[in-house]
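Asker: turn this into a structure:
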Amino acid sequence: MTENSRPRSALVALSGGVDSTVAALLLQQQGLAVQGITLRLLPGAAGEATIAAAGRVAAELAIPFRVCDCVDDFERQVMTPFRRSYCQGRTPNPCVLCNRLFKFGLLLDEADRLGCDLLATGHYARLDQRQPDWPRVCRASDLRKDQSYFLFCLSSPQLARICFPLGDLTKEQVRQQARRFGLAAGDSGESQDVCFIPDNDYIRFVETDAASPPAGALVHVDGRVLGNHNGIHRYTVGQRRGLNLAWREPLYVVRLDPIANQVVVGERPLLLRETFEVTELVWNAPQSPEAFDDLCCQIRYRHQPVAARLQSSGPQQVRVQLTAPQAGIAPGQAAVFYQGDTVLGGGFIL
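Answerer: Next comes the predicted model:
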């Protein structure tokens with residue numbers, strides 16, 4: 001990289017927490033002109049609290065700060081589809097959708113509008129830029145905090161404009177940096193998994209929609225009706241707790257049938273699958289998915305990846321063949337494909 005091509009400015013997505021705070025601090029220390037921005041995603045007190053916390057960070061760092069109001073768009077493009085997916089018997093991942101549309105979609109547009117060379121966030125991930133035409137997301141050094149799973153949706157042009165300053169740091173090192181410079185965020189708590197469900201009560205959130213699914217039958221895979229359920233949105237594939245069924249051995253949710261309005265249950269071996277389809281595929285390699293014989297597939301955030309082969313099965317769709325059967329392969333969840341620590345692509349389980 002020549003001196004003239006080095007980035008000179010960065011727009012940093014601030015949440016008010018320690019991660020985005022230290023991301024901005026590190027870029028300042030590298031000599032970049034840093035600006036802060038916060039997305040107002042939620043109405044009322046929750047949205048105002050995030051803005052106030054981010055504003056305090058910007059004031060501590062003495063950087064320009066602005067707010068982008070996305071409340072209506074976020075409700076329409078993330079929260080409403082989240083409710084709808086649960087009511088259709090799927091297990092959605094709203095963080096992937098938010099990253100694609102807002103944190104790395106809208107904010108890259110804002111970076112362009114403001115004339116910033118880079119967009120930076122506090123995600124724990126790294127970038128492999130050894131091939132300039134094919135920058136790729138890699139796992140963070142701190143595997144306990146790694147967030148690369150949620151970033152498969154980013155394209156090569158986007159990744160060429162993004163940086164993750166925390167990729168080589170542990171969480172404790174990030175906190176130490178904040179405390180060293182006397183930043184209030186150094187003692188801030190961890191963020192919740194889904195920002196718009198702070199109490200983690202997905203059922204209550206879905207049921208705020210008057211169109212929540214009705215009660216129906218709990219059915220064994222052999223067709224026997226074993227009981228009733230209070231809406232398929234209350235269940236996910238692999239679930240055992242809350243079935244309240246008397247049976248000779250533990251039962252699990254094997255699949256959800258929104259057309260028949262049934263929760264289908266069975267014994268644990270019936271949960272295991274070796275093949276499944278992935279749609280809305282994002283692929284970030286010049287070779288086709290079939291060309292790789294050293295891929296691993298991760299089927300949920302904390303899942304241990306399993307070796308897999310891919311076969312194209314339609315436009316933006318692949319069939320996944322795992323080398324070992326896995327339980328709890330839930331429609332709607334993201335399946336992400338790694339070569340070592342590098343993300344080559346991903347999509348959503350059908």
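Asker: the strands in the stretch 51-200 of the chain, which residues?
Answerer: With DSSP state E, counting those that start in this stretch as the criterion, the stretch 51-200 of the chain has strands at 65-69, 118-120, 125-128, 136-139, 162-163.
Asker: backbone phi and psi for the residue nearest to Val71 when sequence neighbours are not counted, please?
Answerer: Spatial nearest neighbour of Val71, excluding adjacent residues (C-beta to C-beta, 6 or more residues apart in numbering): Pro43 at 5.2 Å. The way it works is simple: take the backbone N, C-alpha and C, and place the C-beta from them, glycine included. Main-chain torsions, Pro43, degrees, to the nearest 10: phi -80, psi 170.
Asker: secondary structure element holding the residue lying farthest from the centre of the chain?
Answerer: No residue in the chain sits farther from the centre than Arg248, which is 37.8 Å out by C-alpha atoms, centre = their mean. Using DSSP states H and E, Arg248 sits within no helix or strand.
Asker: quick one: it and Val237, what's the gap?
Answerer: 22 Å (C-beta to C-beta, to the nearest Å).
Asker: try Tyr124
Answerer: In terms of C-beta to C-beta, Tyr124 sits 28 Å off from Val237.
Asker: Gln28 too?
Answerer: Separation of Gln28 from Val237 (C-beta to C-beta) stands at 45 Å.
Asker: more crowded one of these two?
Answerer: Val237 (23 against 17; other C-beta atoms under 10 Å).
Asker: got a pLDDT number for that one?
Answerer: In this model, Val237 is scored at 97, pLDDT.
Asker: any idea whether it is helix, strand or coil?
Answerer: Secondary structure for Val237, judged by DSSP: H, G, I helix; E, B strand; the rest coil, is coil.
Asker: about what we covered before: would you convert the strands of the stretch 51-200 of the chain into CSV that also reports mean pLDDT, distance to Gln35 and mean neighbour count?
Answerer: Output for the strands of the stretch 51-200 of the chain, formatted as CSV (pLDDT from 0 to 100; distance: least, C-beta to C-beta, whole Å; neighbours: other C-beta atoms under 10 Å):
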stretch, mean pLDDT, distance to Gln35, mean neighbour count
strand 65-69, 98, 7, 16
strand 118-120, 98, 10, 23
strand 125-128, 97, 21, 19
strand 136-139, 98, 24, 23
strand 162-163, 97, 14, 23
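Asker: right, and these - which one's nearest Ala58?
Answerer: Among the strands of the stretch 51-200 of the chain, the nearest to Ala58 by C-beta to C-beta is strand 65-69 (3.5 Å).
Asker: in stretch 153-161, which residues are buried?
Answerer: Neighbour-count burial for stretch 153-161 flags 153-154, 158-159, 161 (criterion: 16 or more other C-beta atoms under 10 Å).
Asker: likewise for stretch 336-349?
Answerer: If you call a residue buried by 16+ other C-beta under 10 Å, then stretch 336-349 has these buried ones: 336-338, 341-349.
Asker: domain map for this protein?
Answerer: Listed by automatic domain parsing, the domain ranges of the chain are 8-187, 213-270, 272-349.
Asker: okay, now the unreliable bits of the chain?
Answerer: Residue ranges of the chain with pLDDT under 70: 1-5, 192, 210.
Asker: do you know how far the nearest residue to Arg255 once chain neighbours are set aside is from Glu190?
Answerer: In this structure, Arg255 finds its nearest non-sequential neighbour in Val264, 4.8 Å apart by C-beta to C-beta, 6+ apart. Per C-beta to C-beta, Val264 is found 36 Å from Glu190.
Asker: more neighbours, those two?
Answerer: Set side by side, Val264 and Glu190 show more neighbours around Val264, with 19 against 10, by other C-beta under 10 Å.
Asker: that one and Leu271: what is the separation?
Answerer: Using C-beta to C-beta, Val264 is found at 11 Å from Leu271.
Asker: ok, the residue farthest from the centre of the chain - contacts?
Answerer: Applying C-beta atoms under 8 Å, 6 or more residues apart in numbering to Arg248 gives no contacts.
Asker: repeat that for Gln28.
Answerer: So, once contact is read as C-beta under 8 Å, 6+ apart, Gln28 ends up touching 34, 61, 63.
Asker: equivalent analysis for Arg136, please.
Answerer: 127-128, 159, 284, 342-344.
Asker: skipping its backbone neighbours, what lies nearest it in space?
Answerer: Once flanking residues are discounted, Arg136 sits nearest to Asp128: 4.7 Å by C-beta to C-beta, 6+ apart.
Asker: pretty sure the one you found contacts Gly340?
Answerer: No: between Asp128 and Gly340 there is no contact under C-beta atoms under 8 Å: 9.9 Å.
Asker: coming back round to it: can the buried residues of stretch 153-161 go into JSON lines with extra columns for distance to Asp199?
Answerer: Formatted as JSON lines, the buried residues of stretch 153-161 follow (distance: C-beta to C-beta, whole Å):
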{"residue": "Cys153", "distance to Asp199": "27"}
{"residue": "Leu154", "distance to Asp199": "30"}
{"residue": "Gln158", "distance to Asp199": "33"}
{"residue": "Leu159", "distance to Asp199": "34"}
{"residue": "Arg161", "distance to Asp199": "36"}
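Asker: that concludes my questions; thank you for your assistance.
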